[in-house]
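*Asks:* Coordinates only, no sequence provided:
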């Protein structure tokens with residue numbers, strides 16, 4: 001383990017019992033993830049599960065044309081690689097680093113062995129999978145029925161929930177790819193939010209200035225997912 005990094009920075013790992021944490025700690029590998037790095041490719045065998053601490057990983061579906069859209073984001077509240085313990089071992093989606101930082105990865109054989117023990121980790125990962133599905137379903141509905149500005153507000157709130165600072169290193173082009181919309185639409189929506197003093201945008205950096213204003217301008221999707229995740233991941237023991 002390296003200084004200033006701990007597996008307990010990931011909420012799922014921190015929620016485990018001490019015996020489970022002790023078993024996993026020696027087997028977890030700290031990895032640094034770079035912005036835009038792909039950790040999973042579509043339909044390729046998964047070799048590791050990732051537990052982000054300071055990074056955020058975007059689960060995206062990529063079309064044959066190259067167009068893509070985010071189905072869900074995963075930060076220090078969760079893990080990437082649910083297909084491993086669900087038995088699929090591959091997924092048609094890609095996993096791309098949205099925010100650079102660190103994560104701990106765990107070999108798939110170790111994850112499966114821990115899951116199959118049937119202890120608390122199994123119950124927790126199944127609950128987390130339901131929470132992840134909720135996020136995916138709500139994102140699909142949001143992308144269909146809500147404005148680009150509302151989607152951008154939702155995405156910004158989800159992102160700042162997962163990082164210690166209110167500033168994101170992210171170009172408008174990358175945001176457009178996440179939302180599956182035209183860059184011009186993101187430029188217009190970001191300009192509106194900046195004029196309302198919700199955010200500040202410059203040179204690939206987006207800073208959230210007023211969270212309450214963002215919450216007032218977003219759709220119900222942000223709170224729906226947040227409340228359901230809190231319900232599912234509370235009182236696990």
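*Replies:* Received the coordinates, thanks. What you are looking at is a predicted structure, and each value in this text was computed from that prediction instead of being measured. Residues are numbered from 1 along each chain as shown.
*Asks:* This structure: helices as residue ranges?
*Replies:* Remark: helices assigned in the chain by DSSP state H are 11-14, 18-25, 82-86, 108-116, 120-145, 148-160, 172-179, 183-195, 211-217, 221-233.
*Asks:* The helix or strand of the chain with the lowest mean pLDDT: how far from the chain's middle?
*Replies:* Here the helix or strand of the chain ranked lowest by mean pLDDT, DSSP states H and E is strand 167-169, holding a mean of 82. In terms of Cα atoms, centre = their mean, to the nearest Å, the centre of strand 167-169 is set 15 Å apart from its chain centre.
*Asks:* OK, contacts around the closest residue to residue 107 other than its chain neighbours?
*Replies:* Nearest non-adjacent residue to residue 107, counting by Cβ to Cβ, 6 or more residues apart in numbering: residue 48, 6.0 Å away. For glycine as for every other residue, the C-beta is placed from the backbone atoms N, C-alpha and C. The contact partners of residue 48, taken as Cβ atoms under 8 Å, 6 or more residues apart in numbering, are 81, 105-108.
*Asks:* Show me which of the residues you listed are buried.
*Replies:* Among those, those classed as buried by 16 or more other Cβ atoms under 10 Å are 81, 105-106, 108.
*Asks:* Go through the residues you listed and name the one nearest residue 127.
*Replies:* residue 81 (15.7 Å; Cβ to Cβ).
*Asks:* quick one on the thing from earlier: I'd like the helices of the chain laid out as CSV, including distance to residue 53 and mean pLDDT.
*Replies:* Shown next, in CSV, are the helices of the chain (distance: least, Cβ to Cβ, whole Å; pLDDT from 0 to 100):
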stretch, distance to residue 53, mean pLDDT
helix 11-14, 9, 94
helix 18-25, 14, 88
helix 82-86, 18, 92
helix 108-116, 17, 92
helix 120-145, 16, 92
helix 148-160, 15, 94
helix 172-179, 21, 86
helix 183-195, 28, 93
helix 211-217, 22, 94
helix 221-233, 17, 90
